[in-house]
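Peer 1: Dropping a prediction and its sequence here:
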Amino acid sequence: MGNFYNLVLLKKPGSISFNKNQLYVDLDLVEFNNTIKNDKNFKCSIAPENYFWLSGGGTIIFEDNFIFLVKRNSDSILNPGKFSIFTGRSNNLNEKINPELIARELFEELLIFKNNSYLYPLNNRFQVTIDNSFNEVDRIFKISKNHAIQYYNLENVNQQNKNIFIKYKGAERQFNLNYYINSKNDINIIFIFKSKTDLNELYAIDGEYFIIGNKVIKLNRDIYLFNFKNFQAIKFSKNNIQKSIKLKKGDFTEHCFYLITILRNNS
């Protein structure tokens, strides 16, 4: 199996400590020459003392009650067939030092269109990340060549953020973000945005891809529109008409259900 990402292992006690309100990561105690590069490595490294740094992403709220989800492929090593928010793994050192940058996973994976126009997100806090993410997916999907660009605003949704302290090369930085540690000790930074754009004439496609050698492999996973109030979901692709399906807790990844719980508690 190839190298698809780059996670580091945190050890407790040692390079990680946390309580319900804060997380402390000491990257000066991490072995950067022994990283987790794919799902097989990840699965083999699961142990009570191991914590995986860093994953993250999120989703966007539309019309108050709806979010986009992606259905993971049935042959995935981790969470096969589960409904998930748009998350992924860190692949560079900058994201491990500044976990806010992992928001790129959302903007790389969720590509939203209105008629034939690509909806380009605008958000002051995350605009550099959004622009960098678009440049990457545009290179693969040729969006700017084949579609008009329509801009739309994204609002940051307030969550129950926690303090994250990261030490690297003796310097300590503090962030105020929401994170979730699942049963595999996978640490996910969670981002939620909201749009006032209505859903009429929208469709979405999966922007996830891998490059193996010179070959680009697009995953083409199904995108669903999910009502977090009544748990109804419908496949949300262009010209797609199908009946909605009712989802339950066991249908979601752990971090996805955590996000849904936040939304339901705040609504």
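Peer 2: Received the coordinates, thanks. Numbers count the residues shown, from 1 in each chain.

Peer 1: Select the longest helix from the chain.
Peer 2: helix 127-141 (DSSP state H).

Peer 1: Output the contacting helices and strands for it.
Peer 2: helix 104-109, strand 117-122, helix 143-146 (3 or more C-beta pairs under 8 Å, 6 or more residues apart in numbering; DSSP states H and E). (Glycine included, C-beta is placed from N, CA and C.)

Peer 1: Quick one: closest of those to Asn38.
Peer 2: Smallest distance to Asn38 across those (C-beta to C-beta): 16.2 Å, for helix 104-109.

Peer 1: got a list of contacts for that closest one?
Peer 2: 56-60, 70, 85-88, 121, 126, 129-130, 132-134, 136-137, 191, 193, 206-208 (C-beta atoms under 8 Å, 6 or more residues apart in numbering).

Peer 1: pLDDT of that helix, averaged?
Peer 2: Helix 104-109 shows a mean pLDDT of 98.

Peer 1: so where is this protein shaky, pLDDT-wise?
Peer 2: Along the chain, the parts satisfying pLDDT under 70 run over 1-2, 238-241.

Peer 1: Show me the helices in it, by range?
Peer 2: Going by DSSP H, the chain shows helices at 39-45, 93-97, 104-109, 127-141, 143-146, 254-266.

Peer 1: Deepest-packed of those, please.
Peer 2: helix 104-109 (a mean of 26; mean count of other C-beta atoms under 10 Å).

Peer 1: Surely Lys82 touches Thr253?
Peer 2: Yes - contact criterion C-beta atoms under 8 Å: Lys82 and Thr253 qualify, at 4.7 Å.

Peer 1: To Glu172, which of the helices and strands packed on helix 127-141 lies closest?
Peer 2: Closest to Glu172 of those, according to C-beta to C-beta: helix 104-109, at 23.8 Å.

Peer 1: circling back to that earlier point, can you say which of the helices of the chain is nearest to Lys215?
Peer 2: Closest among the helices of the chain, using C-beta to C-beta: helix 127-141, at 11.7 Å.
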